[in-house]
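Participant: Everything below, folded, please.
(one chain, ligands or ions: 3)
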Amino acid sequence: MILKTVADLRAVARGWRAAGEVIGVVPTMGALHDGHLSLARRARAECDRVVTTVFVNPRQFNNPDDLKKYPRTLEADAELLGAIPVDAIFAPPVEEVYPEGFITNVTMQGVAQPLEGHMRPGHFDGVATVVTKLFGMTLADRGYFGQKDWQQLQVVLRLVRDLNIPVEVVGCETIREADGLAMSSRNVRLTAAGRAKAPVLFAAISRAAEDIRAGHADRMAIREAAEAMREAGFERVEYIELRDAETLMPSDDPRRPRRMLAAAWLDGVRLIDNIPV
Ligand SMILES: Nc1ncnc2c1ncn2[C@@H]1O[C@H](COP(=O)(O)OP(=O)(O)OP(=O)(O)O)[C@@H](O)[C@H]1O
Ligand SMILES: CC(C)(CO)[C@@H](O)C(=O)[O-]
Ligand code: BAL
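Facilitator: Ligands and ions are numbered 1, 2, ... in the order given. Sure, this is the predicted structure:
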């Protein structure tokens, strides 16, 4: 069932709620791959009803070219989701989500500010605004998010706490290609040559994390990872950072959970990844 309007979605969700069913939502921007499907499968296993949302949210794109080039494949997405199966796909047009006169914005500081927040100004306000709306529209009890977007997951956890949104946020592990590359909708924009180099991102941060665990200096391990990526042909390493896993602030306290996060450009495509340290 593909739903296009908030009214239709609400009507369906209200029926489920009235029957006492637990609703899980899997928010996506479409162009689905096994990473998304793993979230949908987990929601299927844990909830009575599953809604996958497919919406390329213009408010979270700071780069108009990235928005224009974002892959859109609703027909194929619906087929993949049909095999899970999910109960509903919510794929609204932009004007349904942001009708004329829309003036509300959810703004976050703290965990939303560094790294992706710094490199993509306005990005997490756009994510927080749309996720708040999607939770409201779907009447979800649980929301499923991938660890591939680690900072986004921490932002959403903070959002539901701060706004008392009654949704349990479930973080799901990153699904990778056989060579280690984190699955991402943007991977399809890599050339064959770029695709061959792309696994170096995961390999380099994995090596750095191992070195740090073995007692090497954080800075040195990170510098070597950046060098390995540039040598492999990455045009630009935007950041490789060791951060507190929850606050995303700089952390040299190995007793707290830490995360290494990276963003880099290859073939004109911006790739991100992260791993525990
Ligand atoms: N490889 C993956 N493993 C697990 N979850 C993933 C993976 N890729 C994306 N997700 C999750 O799927 C949800 C929807 O993500 P999105 O539609 O942006 O896909 P994406 O592949 O991350 O695309 P993008 O190219 O925008 O990064 C998010 O919660 C995201 O973290
Ligand atoms: C959570 C999300 C669907 C909000 O647009 C998006 O940021 C994504 O795909 O990760
Ligand atoms: N996967 C996070 C959404 C984005 O890149 O805009």
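Participant: what bridges to Val169?
Facilitator: Gly143 (DSSP bridges).
Participant: thinking Ile240 is in contact with Arg207, fair?
Facilitator: No: in terms of Cβ atoms under 8 Å, Ile240 does not count as a neighbour of Arg207; the distance is 11.3 Å. Placement of C-beta: from N, CA and C, glycine included.
Participant: So which of the two has more stuff around it?
Facilitator: More crowded of Ile240 and Arg207, by other Cβ atoms under 10 Å: Ile240, with 22 against 15.
Participant: So what pairs up with that one in the strands?
Facilitator: Per DSSP bridges, the residues bridged to Ile240 are Ala262.
Participant: Report whether stretch 198-215 contacts ligand 1.
Facilitator: No: with Cβ under 6 Å from any ligand atom as the criterion, ligand 1 is not reached by stretch 198-215; the gap is at least 10.9 Å.
Participant: hang on, the earlier thing: okay, and the common contacts of Ile240 and Arg207?
Facilitator: By Cβ atoms under 8 Å, 6 or more residues apart in numbering, Ile240 and Arg207 have these common neighbours: Ala225.
Participant: What residue in the stretch 151-277 of the chain comes nearest to ligand 2?
Facilitator: The stretch 151-277 of the chain approaches ligand 2 most closely through Gln152 (5.7 Å), counting by Cβ to the nearest ligand atom.
Participant: Looking at the helix or strand encompassing Arg41 now, give me its mean pLDDT.
Facilitator: Following DSSP states H and E, one finds Arg41 within helix 34-46. For helix 34-46, the mean per-residue pLDDT is 98.
Participant: Show residues contacting that helix.
Facilitator: Outside helix 34-46, the residues touching it (Cβ under 8 Å, 6+ apart) are 22, 24-26, 28, 50, 52, 80-81, 84-86, 142, 144-146, 148, 170, 172-175, 182-184.
Participant: what about Pro121, neighbour count?
Facilitator: Close neighbours of Pro121, defined as other Cβ under 10 Å, add up to 9.
Participant: repeat for Ala83
Facilitator: 10.
Participant: Met29 versus whichever residue of the stretch 101-250 of the chain sits closest to ligand 1, what's the distance?
Facilitator: Residue nearest to ligand 1 within the stretch 101-250 of the chain: Gly146 (2.2 Å; Cβ to the nearest ligand atom). The spacing between Gly146 and Met29, counted by Cβ to Cβ, to the nearest Å, is 12 Å.
Participant: With neighbour numbers in mind, choose between these two.
Facilitator: Counted by other Cβ under 10 Å, Gly146 and Met29 do not tie: Gly146 has more neighbours, with 22 against 18.
Participant: Can you name the residues of the stretch 151-277 of the chain sitting close to ligand 3?
Facilitator: Residues of the stretch 151-277 of the chain lying near ligand 3 by Cβ under 6 Å from any ligand atom: Gln152.
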